[in-house]
Each structure stands twice: as structure tokens, then as C-alpha cells.
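Asks: need a structure here:
(one chain, ligands or ions: 1)
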Amino acid sequence: MTVLEARNVSKRFGGIAAVDGMSFAVASGEILGLIGPNGAGKTTMFDLLAGSVAASSGEIRLMGQDVTRAPAHRRLAGGMGRTFQIPRPFPELSLIDNMLLARQDQTGERLWANFTAPRRIAAEERAARDKALALLDLVALRRLADEPARVLSGGQRKLLELARVMMADPKVVLLDEPAAGVNPTLLEVLIDRIREINASGVTFVLIEHNIDMVSRLCHRVLVMASGSLLCEGTPQEVARDPRVIEAYLGGTPA
Ligand SMILES: Nc1ncnc2c1ncn2[C@@H]1O[C@H](COP(=O)(O)OP(=O)(O)OP(=O)(O)O)[C@@H](O)[C@H]1O
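Replies: Residues are numbered from 1 along each chain as shown. Coordinates of the predicted model:
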């Protein structure tokens, strides 16, 4: 089953076609890599999928629904989560509070419900807290749950971001350079956790420059160059494709 699909999607910024006629489908349960030299259009493609940038043309489908014109929050509610290249947690808030802010549609946010259903709200709060703690545990951050997010290293912020995105129970998660700035020990934790979450049925699409991580995690890889799809295949297939080697050599070094 296809969870996410781009059909001939383009995005122009003035005279530049940052994404130029991209078509691909993401199958349920896969970990798909999106690679390509700097400026290839990967982040713009993520922005188009997540709804933070509007497509100039083409169609984006999430769980079989056309979401091309749906705002980011509707795509989130429809099952798409997203992490950013540079995570920005609220630095003065504790990890647990950062997690709780990532929830969707809490009853307690509706003013009247505070009067009509206080017990339900208390139960929801407890369940959310338990879920947040379980997710912090999953990414090895539970012991820091009450610390402010500013104490985290760059790698720990990436782990917090992965845990945060899982609070909304996404079906497909877009990860923008999860390995960037993560030390080798935490990188192993991150790889294990992505695998574990994937085994529980969550689909991933990841932009990554760390080719070792791509070849260890991804079932399939799309290579972008100059806004278009250059080729696709297993990590091993694309690594030995002469067009890919040429695109990287011709691009601006990272
Ligand atoms: N908001 C914008 N306005 C104008 N041009 C933009 C904008 N965003 C991206 N671009 C241009 O679109 C092209 C693709 O950029 P994009 O950031 O999507 O590439 P990328 O593959 O993610 O690169 P990197 O690996 O360096 O993050 C680049 O030429 C970039 O300068």
C-alpha cells in the first residue's frame, strides 16, 4: 500500500525550479532515503510533502487523499510527522513539557471541557505523560525528563525530536538529516530506534548525507539532482551508479 505519493510535483522560486517534476511513491513500512548533492532540492521536496511550502504544480497524496492544498497541520493530523535539520526545542522547558506540547487535539485545550469533563482531562493528561515518558525512555533520555532542553547536546536534540514527532502517532515520518551533528555512540542509538519504530509499522523517508547510515537503514534510495529524480534503487545499486557519482562530483562539496 502507498502511504505517500508525489505526482509530477514542481516548485519554482522566481526563476529557479528547486523541484522539477518529481514523481515517486512511498510504500507502507519502508524506509526510503532521499539523497543528492547540496542544492538538489531535497529539503524543498520535504517542505512540499509536509505542506510548509505550496507546490507550483503537481499533486501530493497522503494515505490515498489529495493533500496538495492542505496546510501542514492537516497533514500532521492525517498521519504525517516531520523533523527538521536543526531541531529547535523550547530551551527553557523541560523535556517532558517539550514532549507534551507535541500532542494533537487535547480535550483540555477546549475551555468548556475543563468544566464538563475534568476527570476525562486528568486521565488524558496522565496517559499523555506516560506516553511521553515511554518515548523518552525509548530514545535514552528518560533520566533527563525534568531537565530543561537547553542542557541537551546536538545529538540528544535529534533524539528528542524523534520522540516528539512520535507523540502524534504518525504513520509516515519525514526525517531531515537525522545523523547531522550526532556523535557515533548516539548515532547507533538513533539507528536502532528508527529500526524499532519502523518495525512497529511506521514508514520513514529520510534526507541524509551520511551514506553509511543510508546504506544501513534504507530499503530503497531516491537520488535527486537539479530538482529532478536522477535514479533510484537499493543503497548498493545507487552507490555504484556512474550518474550518481558524477552528480556528486559535479555538485558543491558538502
Ligand atoms: N525559499 C527559497 N527561495 C529561493 N530559492 C530557494 C528557496 N529554497 C530553496 N531554494 C533554492 O532551491 C534549490 C534547492 O534547495 P534545497 O535546499 O531544497 O536543496 P537540498 O538538496 O536540500 O540542499 P542541501 O543538501 O544543501 O540541504 C537551491 O538552488 C536553493 O538555493
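
Asks: just checking, residue 164 touches residue 100?
Replies: No. Checked against C-beta atoms under 8 Å, the pair residue 164 and residue 100 is beyond contact range at 9.6 Å. Using the backbone N, CA and C atoms, a C-beta is placed for each residue, glycine as well.

Asks: of those two, who's got more company?
Replies: Comparing residue 164 with residue 100 by other C-beta atoms under 10 Å, the one with more neighbours is residue 164, at 24 against 18.

Asks: distance of that one from the ligand?
Replies: Distance, residue 164 to the ligand, by C-beta to the nearest ligand atom, to the nearest Å: 22 Å.

Asks: same check on residue 212?
Replies: 17 Å.

Asks: so which strand or helix has that residue?
Replies: Assigned by DSSP states H and E, residue 212 belongs to helix 211-217.

Asks: which helices and strands does that helix pack with?
Replies: On a contact count with 3 or more C-beta pairs under 8 Å, 6 or more residues apart in numbering; DSSP states H and E, helix 211-217 meets strand 31-35, helix 184-199, strand 203-207, helix 235-239.

Asks: that helix: which residues count as buried?
Replies: Going by neighbour count (16 or more other C-beta atoms under 10 Å), the buried part of helix 211-217 is 211, 213-214, 217.

Asks: may I have the phi/psi pair for whichever residue of the stretch 51-200 of the chain sits closest to the ligand?
Replies: Going by C-beta to the nearest ligand atom, the ligand is nearest to residue 85 of the stretch 51-200 of the chain, at 7.0 Å. Dihedral angles of residue 85 (phi, psi; degrees, to the nearest 10) stand at phi -60, psi -50.

Asks: show me what contacts it?
Replies: By C-beta atoms under 8 Å, 6 or more residues apart in numbering, the residues touching residue 85 are 43, 176-177, 180, 207.

Asks: again, only this time at 7 Å
Replies: 176-177, 180 (C-beta atoms under 7 Å, 6 or more residues apart in numbering).

Asks: ok, and which of these reach the ligand?
Replies: By C-beta under 6 Å from any ligand atom, no member of the contacts of residue 85 lies near the ligand.

Asks: all strands for this protein, in order.
Replies: 2-13, 16-27, 31-35, 57-62, 65-66, 80-83, 172-176, 203-207, 220-225, 228-233 (DSSP state E).

Asks: fine by me, we can end here.
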